[in-house]
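In: I would like the atomic coordinates for the input below:
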Amino acid sequence: MESSLPGLPRTFSLMEFIPKEASEDQWDAYFTLSETIFREFKQKGRLPDRAVMRRLFLSPNPLYSVRRWMVFDKAKRAAAFASISYDAEISPDYDSNRHLCQIHISVVPAYRRRKIATVLLKHLVKTAKLLEKTTLMTEVDNPLGLEFRKQLRGQLVHEEIQYRLDMEDVNWQVVDKWLQRGRTKHWDTKIEFFRECPEKDIEEFSRVYTEIINQRPTGDMEEELITTPESRRIEERNLKKRGIEWYTMISREHDGKISGLTDIMYHPEEPHRMNQYFTGILVKYRKRGLAKRLKAEMLAGIKNKFPEVEYITTSTARNNRPMQAINEELGFRPIKTCFVFQWTRRELKKQTNGILSDHAFS
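Out: This is a model prediction of the structure:
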C-alpha cells in the first residue's frame, strides 16, 4: 500500500516492497533503479542477472529479517530504495546482536539533493525504534554515500578492501610453490572439500568456524557471529534453495582436528564469477603457511572444477596486512574500499533532524 512520506512533496509516495507480494511493475521498477546505480559506479562489467536476484529476494534466510521500501515519483518510477535488516530471534547471534540493525539507502541520480535520502533515513530510524534496535550500521563503498555518511557524523568502525582476481592473472607459479611447500612440509595436514558439512564433523566445525570468524579484524564493530550445527544446516538449505552452491574447504591435522577453513560461493546461472567469503586459521596452527596453502588449494580447485569462472572476489580488513599480502602475491588487485559506519539511534535521529531543519539537501 502506498503512503505519503512526511517531508517530501505529495508527488512522491512510499511503498513497502514485499518480494512475495510485489507486482511485475514493482519488480521492474526495483531492477531499473538498482541497475541504474550499478552502472553509475561500474560502467563496465555485467549487470546482475534479474532472475538470480529475484530468487535471492524470494528465498529469505530464516536467520535474518529484512524490510524494504521504495519511493516512487508521480510517473510511478522508482526514485529511491531503503532497507533495514537484523537477526531473527532464531539466529544464534540474536542475543548478542539484538540491539543492532543494518540500514541501506539508494537514490537514483535524477532525484538526489532533494532531501529524499534524509527523509528515508528518518523513516528507518523510526522503524528501528519500533523494532527496539538501539544501534544502526551501514556500509558505504562509493564517494556519494561516503559524503552523506560523513555529514551525519557517523562513527567509522571498520574498513574492508574488496579484491578481484581475474583467472587469467593468477600467479600460478606462486600457487604451485605454496601447494608444493604445504603438501611436502606438512604432508600429514589434509585438505577436504564439501558442500554439506559431514554430520560427524558438524559440532567441531561449528565451534571452529565461530572461533575463526570472530578472530578476524573487525575494527570497532559491535556484532558477533555465531555458527551452530542448526544454523549451519539452515544456511545450507537456504543457499541451495537460492540456487547458490556453497563450498567449504577445511584443513585437517594428523590427529583429526580441524585447523583452518575457507568458503566459496558459486551460482551456476552466473558462471563467470565466484566469491570467496573468508580464509581463517585457528591461532595455534598459524605461522605454518596454512593460509597460503588454503588459498592455493582453493584456486587450484576452482581452475579444475569451475573452468567457466572468469574472476573471483574477496574482502579483507584494511588492517589485515598478512592476508592482504597473500592476496596480492596471488594476483588479486584491490578494486574498492567499503566503510562501515555506526550510530546510536538517538544520535542518528538528532543528526537527521538537524539536516532537515537546516534545509540541507541529500
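In: I'd guessed residue 135 sits against residue 100; true?
Out: Yes. Residue 135 sits in contact with residue 100 when judged by Cβ atoms under 8 Å, with a separation of 5.1 Å. Every residue, glycine included, has its C-beta placed from N, CA and C.
In: identify the contacts common to the two.
Out: With contacts defined as Cβ atoms under 8 Å, 6 or more residues apart in numbering, the residues adjacent to both residue 135 and residue 100 are residue 222.
In: quick one: mean pLDDT over the helix or strand hosting residue 71.
Out: Secondary structure assigned from DSSP states H and E places residue 71 in strand 64-72. Strand 64-72 shows a mean pLDDT of 97 in the predicted model.
In: what residues does that strand touch?
Out: The set of residues external to strand 64-72 that reach it, using Cβ under 8 Å, 6+ apart, is 2, 5, 8, 12-19, 26, 29-30, 33, 60, 78-88, 91, 111, 116, 120, 123, 127.
In: re the thing from before, more neighbours: residue 135 and residue 100, which one.
Out: Under the criterion of other Cβ atoms under 10 Å, the comparison of residue 135 against residue 100 puts residue 100 first, with 21 against 17.
In: can you list contacts of stretch 7-27?
Out: Counting by Cβ under 8 Å, 6+ apart, the neighbours of stretch 7-27 from elsewhere in the structure are 1-5, 30, 54, 57-58, 60, 67-74, 76, 79, 81, 114-116, 118-119, 122-123, 356.
In: drop anything exposed from these.
Out: When those are checked for burial by 16 or more other Cβ atoms under 10 Å, the buried set is 5, 30, 57, 60, 67-73, 79, 81, 114-116, 118-119, 122-123, 356.
In: distance of residue 72 relative to residue 323?
Out: 43 Å (Cβ to Cβ, to the nearest Å).
In: how about residue 96, nearest residue that isn't a chain neighbour?
Out: Leaving aside its chain neighbours, residue 96 sits nearest to residue 224 (4.4 Å; criterion: Cβ to Cβ, 6 or more residues apart in numbering).
In: contacts only, for the one you found.
Out: Residue 224 makes contacts with 93, 96, 97, 214, as judged by Cβ under 8 Å, 6+ apart.
In: from those, which would you call buried?
Out: 93, 97.
In: and the furthest pair within the contacts of residue 224?
Out: 97 and 214 (12.1 Å; Cβ to Cβ).
In: returning to what we had before: where does the residue nearest to residue 96 sit: helix, strand or coil?
Out: For residue 224, the secondary-structure state derived from DSSP: H, G, I helix; E, B strand; the rest coil is coil.
In: repeat for residue 57
Out: Here residue 57 is helix, with the state taken from three-state DSSP.
In: next: the one 5 residues further on.
Out: Classification of residue 62 into helix, strand or coil gives coil, according to three-state DSSP.
In: that one against residue 231, yeah?
Out: No. In this structure residue 62 lies outside contact range of residue 231 using Cβ under 8 Å: 9.4 Å.
In: from residue 3, how far off is residue 131?
Out: Counting by Cβ to Cβ, the gap between residue 131 and residue 3 amounts to 19 Å.
In: what's around the residue nearest to residue 142 when sequence neighbours are not counted, how many residues?
Out: With sequence-adjacent residues excluded and distances taken as Cβ to Cβ, 6+ apart, residue 142 is closest to residue 41, at 5.2 Å. The burial count assigned to residue 41 is 12, neighbours taken as other Cβ under 10 Å.
In: could you do the one 5 residues further on as well?
Out: Under the neighbour criterion other Cβ under 10 Å, residue 46 is assigned a count of 11.
In: for it, which residues are in contact?
Out: Taking Cβ under 8 Å, 6+ apart, we find residue 46 in contact with residue 272.
In: make it 10 Å
Out: By Cβ atoms under 10 Å, 6 or more residues apart in numbering, residue 46 lies in contact with 38, 270, 272, 273, 310.
In: tell me which element it falls in.
Out: Secondary structure assignment for residue 46, by DSSP H and E: no helix or strand.
In: hang on, the earlier thing: name the helices or strands packed onto whatever helix or strand comes next after the strand holding residue 71?
Out: Moving toward the C-terminus from strand 64-72, the first helix or strand encountered (DSSP H and E) is strand 78-87. In this structure, strand 78-87 packs against strand 13-16, helix 24-41, strand 64-72, helix 94-97, strand 100-107, helix 116-130, strand 135-140, with contacts taken as 3 or more Cβ pairs under 10 Å, 6 or more residues apart in numbering; DSSP states H and E.
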